[in-house]
Each structure stands twice: as structure tokens, then as C-alpha cells.
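Participant: Need coordinates for the following:
(chains A and B, ligands or ions: 2)
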Amino acid sequence: MSACLDISNLSATLPSGQRVLRSVSLTVQPGEVRALVGESGAGKSMIGKAVLGVLPPSVRIVEGAIRLEGTDLGALSAKERRRLIGAKAALIPQDPLTALNPSRRVGPQMTDRLVHILGWAADKADRRVRQLLDEVHIREPDRVMKAYPHELSGGMRQRVLIAAAFASEPRLIVADEPTTALDVTVQKQILRLIAQLQQEHGTAILFVTHDLGVVAKVSQKVTVLYAGKVVEEADTPALFANPQHAYTRALMAATPKYTDPQASLKPVDESVLAGLAAEIAVADHDWRPHG
Amino acid sequence: MILQRFLIRLITMAITLLGVSVVVFVIIRVAPGDPIAMMLPPGATDADIARLRALYGLDRSIVEQYFIWLSGVVQGNFGTSISLRQDVMSLVLSRLPATLELSIFALLIALIIGGPLAIVGAREQGTAVEAGIDVANGAALSIPDFLWGLALILLFGVLWPVFHISGRVSPRMDLPFVTQFYLFESIFRLRFDLTRDLIGHMFMPALALALPLAAIISQLLKISLKEVMTLDYVTLARVKGFSETKVILREALKNAALPTLTLIGVQFTFLIGGTVIIERLFSYEGLGNMAIDAVINRDLPLIQGIVLVFALIFVLINLAVDMMYALLNPRLRHG
Ligand SMILES: Nc1ncnc2c1ncn2[C@@H]1O[C@H](COP(=O)(O)OP(=O)(O)O)[C@@H](O)[C@H]1O
Ligand SMILES: [Mg+2]
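Facilitator: Ligands and ions are numbered 1, 2, ... in the order given. Down below sits the predicted model:
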């Protein structure tokens, strides 16, 4: 059985030629949650965008492949790729305040993929979205669907976005720091909600976060990223029990209590960073784009 | 709250119009040239001149003249044209529709050219297509409307005569119209032969007025679109599987249009100002053309009337823009 998501040896560059992703490989098996953890700027979102086909125009994939349920995205035309991603993948974005169109009502923003991309009848899409709104504990679906985004709180909007992501029964969801922009109290609820829906629907999730506390809570597998390079990959319990890489250990040490989702990362020890810089310099020196 | 804002708005509008009327009133009276001397033959006696001055109230002080004029205006009486010896209001009303039709037609052309160019430019950002659009915009912007008018006359009036270059409608045409809105009425009456003739006359002056505005719309809307297209909800729409064109039309356009809309309002008032010279250039019988005659003849009441009507139109355009802005922006609509 092929992996839900299989990224192999993916490198991406900026116009300057500098690599932002350095031969990244990772897989997400069906129904599995893989955390992608690293500091801000490590390239986590870049990987998510590459998977969803929405890299900024300045970023170019120069080697490697992304396979979604076995289909190589790079081998498809732009239109085929768009359709495939629209049908099989979804995004739970970082900031619920900017991820809904301010001038469109919430309902159509939730149903438009079902109706216009997947070709569902309008009433079926409507029922489906209401069911999902119920699953994310929104008790007034009529009001919410008729509302404009600014009439809803941040937590409500993130529920809406989660419901919309699950509504199309995607095989893979990219959740890009879905709780970072929320209030502390809301963060826990949203995290629990995503975990619950993930289990009920059996959806694979690539869960991007900078927070080891979140990693411990939601994921079975974890990939640690530094400067666009995978530094460690493990089962989540194994990673916490026995971190292999000095950077992972430093991250853990720098997190006051990694079960506390509010804790922010403290600066990593300088000697570890120097070691990483050397590793990356070596990797870049040996690297030649194949394509 | 909304009523209060509306009232404040009305008061501001009234003050603006008053201010404009005062400034124009003073300027045209201190500027050289005597309307009475111009309407009489060279041999007129001082007594004749004095009698006519008194008739038009020009023997009084400026302040007195202003308040006499203002009290008339408040009652809907804008005085009598010195050169045409007709009621100013009916003169203005007879010409205003021609200018409004020309301006609105020009605005439509500008939107039809500028809007799609902006969308294509945003869709093809970073490509040669976008660069080409930028160059065309730059060219259209750096040439003022009256030069476009001259160029169009040369091109489509002289070298390749496909459009009329003078007047509003062919003289041989039999006009069944009861209003001065010829174009609207011809469409309304299904007299498409007349519609064609009217557009044949209107097209070139309208295009000359439209080209600089089209460039502004295209450029500004493209910039706004590109900005909006980096926002998260646009990314989300792409992930959903929508094509770039759909993404622009469904998600980006409405929000990107807001800043452009305000600017179109301001630029549209400039465009209407441009009709004064363009109408002259194409001998189009509108208000602008009449304004130039009024200035040449020092026809003080007519100038005042025309300027006040232009000012009123500008103020109303600004009001319309604000209302459309509120309509397009749900955040404002719901307080
Ligand atoms: N649009 C862009 N163009 C060029 N570089 C970018 C762009 N967006 C992000 N980057 C760079 O790519 C790197 C990875 O960014 P990102 O994936 O957003 O990091 P993360 O999500 O891990 O915080 C950063 O160094 C960032 O400066
Ligand atoms: Mg990020």
C-alpha cells in the first residue's frame, strides 16, 4: 500500500540559488498524524505549500518528488495537479483571521469546494457542511453560515476552517500551526477537536508546529526540521524517550515543559547551532541538483 | 448613527458647493474683460452700458451681487445668460445630458479596457504579458486626453475615417427624442440606427477621455489584486482546486476593487473636467463646450451656473463612491 504522502529528496531554491529545502524526505501513512517540528523559518510551511501546490512563484523545486497517494505531482499538468490536490488534500491554515474571505459569507466558503470542484449537489453539500459544523460543536449552523467572517470569534473561525477541511473527506490534511494564532484557552480545545475529527475520519495529517508540547499531544510520527533539512525522524514516543540528534535534545531542553502547549522555544545552545551550521555547509557543498 | 453620518455628509456637501460658488464668483469678476462691453457694438454710449449693467445687477458690489445670486439659486433661479439671453438653468439642462452620456460612456470604456487588463496582468504576474501591460499603461498615462483626441482624429477621422470627428449626431438624422439623453433614449426606443450614429460620434471623444483612466484602473487594480492574492484566503481557494482565474474573480477581485473604486471616483471627476476641452476638440454639443463659449463671452451668470453644476456632480460622485464602498465592504455595512 502506497503512502498517503511521500516526499522524497525534495530540494527547493530561491531565485538567488539558495536552498530553502535541503533534500527533504518524509512520509505520512494513511490515517497517521506526522508532526513537522522546527523553529520559525525552518521551512515547515514551505513543505506544506509544496505539498498543496501553492509555493510562492519565487520558490522553485529543483529536485525530488512529492507523491500524493502514489501520484507524482511533478508529472501532472498544472490543471491536473490542482484538481488532484483539490480532491485529495486540504489545508487548516495558521491564522483563522485571514484565512476566510472578509467579503463572502461563511457558508458558501465552506461549500464551494464540494459544489464547484467535487461536483456535489448544493443541498448535499449544505447537509454535509452542517454535519461537520455539528462535529466541531457549532450549535447554530444557520447563523454561522449566514455570517460574514468578522462576525465570528477567532476560535469560531478556526472551527469553521477545520469543518471545511474535513467536509470534503480529504485523504491528507496539512495543518499549518493551526493553534498558534489563537488564545491560550482556545488552543487546547482546537487541538482536541482536530485530534478527535482525525480519529473519526481516519484522515492523515501533516501537522506543522514549532511546539514540542503539541507534537507530544497529537502525533504518532515526528520529523524535526532545521534550516530546511531533516535532522531527525522517529516515532513520537521514541523521540521523546530517546532523542538522537543534539538539536532535538537542545529543543527539548529549551522547552520548559514539553507537555505545556503554551511554552515557547528558548534559544538553542550555541554549540549545537554551530554543529548544525557545519552539517548544513557539508550538505550544501556535496549537493548537486539532479534535474 | 447612520443618519448622523448622512447629515454631516449633506452639510459638508453644502459647504463645499457654497465655497466653490464664492471662489468662482469672485474670480470671474476680478478677471479682466467686461461682459456688457462685449455684447454691445463698439459705438455704445456710457449711458447704454450703465443701463445694461444695472439690468444684470453688475453695478452693485461683489458681496451684494453674490447674495442676490445666492437668493435666486436657493429658489431655483440661476439668472439669465448675458450672451444667449436665456434662462441659465434651462441652458445648462439642455446640454448636461450630452456631457453625462459622454462621460459615462468614457467611464465604461475605461472599465472595459482597464479591468480585464488588470486581471490578466495579475494572473500572468512576472511574465512578459505583465511587462507588456505595464508598458501600455505607462504610454496611455503619459499622454493627456486632448493629445489622445488629436491622435484619434488623425487616425480614425483622417487616415482611416471610420468614426465621425465632429458633433453629437449626424444633421440629416430625424430625431424623435423628447429628452436630451439621446443615447439612452435611442436604446430605449429601439432605434438602433440612431444608437449607432450617436456612438459613431461619441466613440472617439470618449476613447480619448477613457485611455488615461483605463491605464490608471489597470495599474492600480493590478497592484491591489497582486497584494490580495498573497493573502491566506486566496491560498486556501487555490488549495481547494480553483483555477487562477476563478480565484481572482471569486476571491480577490471584490476586495481588491475597494481601493481602486475610491480612485476611480476621483479620476472620474478629472475625466468630466476633461470633457471641456475634448468636447471643444470634437465640436460635441455638451456642457463643456458651452462652458468655453461662456468664458469667451464673459457670460458671468452662465459660467456660475455651469461651474456649480459641475461642482454638484463632483460632490455627488464622491457620495456615490462612499456609498458603494460601504456596500462592498460588509464590515462597514454592519457597523
Ligand atoms: N515568499 C517567499 N519568498 C522567498 N523566501 C521565502 C518566502 N516565504 C518564506 N521564505 C523563506 O523561506 C524560509 C522558510 O520559511 P517558512 O517555510 O515560512 O518557515 P516556517 O514555516 O518553518 O516558519 C524562511 O527562511 C523564509 O525567510
Ligand atoms: Mg510557517
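Participant: Can you tell me which residues in the stretch 101-250 of chain A are near chain B?
Facilitator: Near chain B, the residues belonging to the stretch 101-250 of chain A are A:101-104, A:109, A:112-113, A:116-117, A:148, A:150-151, A:161 when assessed by Cβ under 8 Å from any Cβ of the partner chain. (C-beta placed from N, C-alpha, C; glycine too.)
Participant: gap between the two ends of stretch B:248-257?
Facilitator: For stretch B:248-257, the first-to-last residue distance is 11 Å (Cα to Cα, to the nearest Å).
Participant: Would you mind pulling the contact partners of it?
Facilitator: Identification of contacts with stretch B:248-257 by Cβ atoms under 8 Å, 6 or more residues apart in numbering or on different chains yields A:101-104, A:112, B:119, B:122-123, B:221, B:224-225, B:227-229, B:233-234, B:237, B:242, B:328.
Participant: Mark which of these are buried, thanks.
Facilitator: Among the contacts of stretch B:248-257, those scoring as buried are A:101-104, A:112, B:119, B:122-123, B:221, B:224-225, B:228-229, B:233-234, B:237, B:242 (criterion: 16 or more other Cβ atoms under 10 Å in any protein chain shown).
Participant: Keep only those of the contacts of stretch B:248-257 that are also close to ligand 1.
Facilitator: Counting by Cβ under 6 Å from any ligand atom, nothing from these sits close to ligand 1.
Participant: Which neighbouring elements make contact with whichever helix or strand B:K246 is part of?
Facilitator: Using DSSP states H and E, B:K246 sits in helix B:244-246. Other elements packing on helix B:244-246 under the criterion 3 or more Cβ pairs under 8 Å, 6 or more residues apart in numbering or on different chains; DSSP states H and E are helix B:88-123.
Participant: tell me which residues in the helix it packs on are buried?
Facilitator: Residues of helix B:88-123 classed as buried: B:88-89, B:91-92, B:95-107, B:109-111, B:113-115, B:117-123 (neighbour count, 16+ other Cβ under 10 Å).
Participant: Toward the C-terminus from whichever strand or helix holds B:T12, list the very next helix or strand.
Facilitator: Using DSSP H and E, B:T12 maps to helix B:2-30. On the C-terminal side of helix B:2-30, the nearest following helix or strand under DSSP H and E is helix B:35-39.
Participant: Spell out which parts of the stretch 51-200 of chain A neighbour ligand 1.
Facilitator: A:56, A:58-59.
Participant: among those, which are within reach of chain B?
Facilitator: Near chain B, by the rule Cβ under 8 Å from any Cβ, you find A:P56 out of these.
Participant: Pull the residues that contact the helix holding B:K246.
Facilitator: By Cβ under 8 Å, 6+ apart, helix B:244-246 touches A:116, B:119, B:123, B:237-238.
Participant: let's see 6 Å
Facilitator: Residues from elsewhere that reach helix B:244-246 (Cβ atoms under 6 Å, 6 or more residues apart in numbering or on different chains): B:R123.
Participant: got it, and stretch A:3-12?
Facilitator: Residues outside stretch A:3-12 that contact it (Cβ under 6 Å, 6+ apart) are A:19-21, A:23-30, A:59, A:61-67, A:171-172, A:204.
Participant: Quick one, which of the residues you listed are buried?
Facilitator: Buried subset of the contacts of stretch A:3-12 (neighbour count, 16+ other Cβ under 10 Å): A:19-21, A:23-24, A:26-29, A:59, A:61-64, A:66-67, A:171-172, A:204.
Participant: And for the closest residue to chain A within the stretch 51-200 of chain B, the neighbour number?
Facilitator: Nearest residue of the stretch 51-200 of chain B to chain A, counting by Cβ to the nearest Cβ: B:G126, 5.7 Å away. As a burial measure, B:G126 scores 10 neighbours (other Cβ atoms under 10 Å in any protein chain shown).
Participant: residues near the closest residue to ligand 1 within chain B, how many?
Facilitator: Scanning chain B for proximity to ligand 1 using Cβ to the nearest ligand atom identifies B:T230 as nearest, at 8.2 Å. By the measure other Cβ under 10 Å, the count of residues near B:T230 is 10.
Participant: so what's the closest residue to chain A within the stretch 151-300 of chain B up against?
Facilitator: Nearest residue of the stretch 151-300 of chain B to chain A: B:G241, at 1.9 Å (Cβ to the nearest Cβ). B:G241 is in contact with A:82-83, A:86, A:117, counting by Cβ under 6 Å, 6+ apart.
Participant: Give me the helices and strands touching the helix holding B:T12, please.
Facilitator: helix B:300-328 (3 or more Cβ pairs under 6 Å, 6 or more residues apart in numbering or on different chains; DSSP states H and E).
Participant: just to revisit the earlier point, let me see the confidence value for the residue of the stretch 151-300 of chain B closest to chain A.
Facilitator: As predicted, B:G241 sits at a pLDDT of 95.
Participant: swap in A:M1?
Facilitator: 64.
Participant: Check A:P289 too.
Facilitator: For A:P289, the pLDDT comes out at 69.
Participant: For B:D197, give me its contacts.
Facilitator: B:D197 neighbours (Cβ under 6 Å, 6+ apart): B:169-170, B:173.
Participant: among those, which ones are buried?
Facilitator: Among those, the ones that count as buried by 16+ other Cβ under 10 Å are B:V169.
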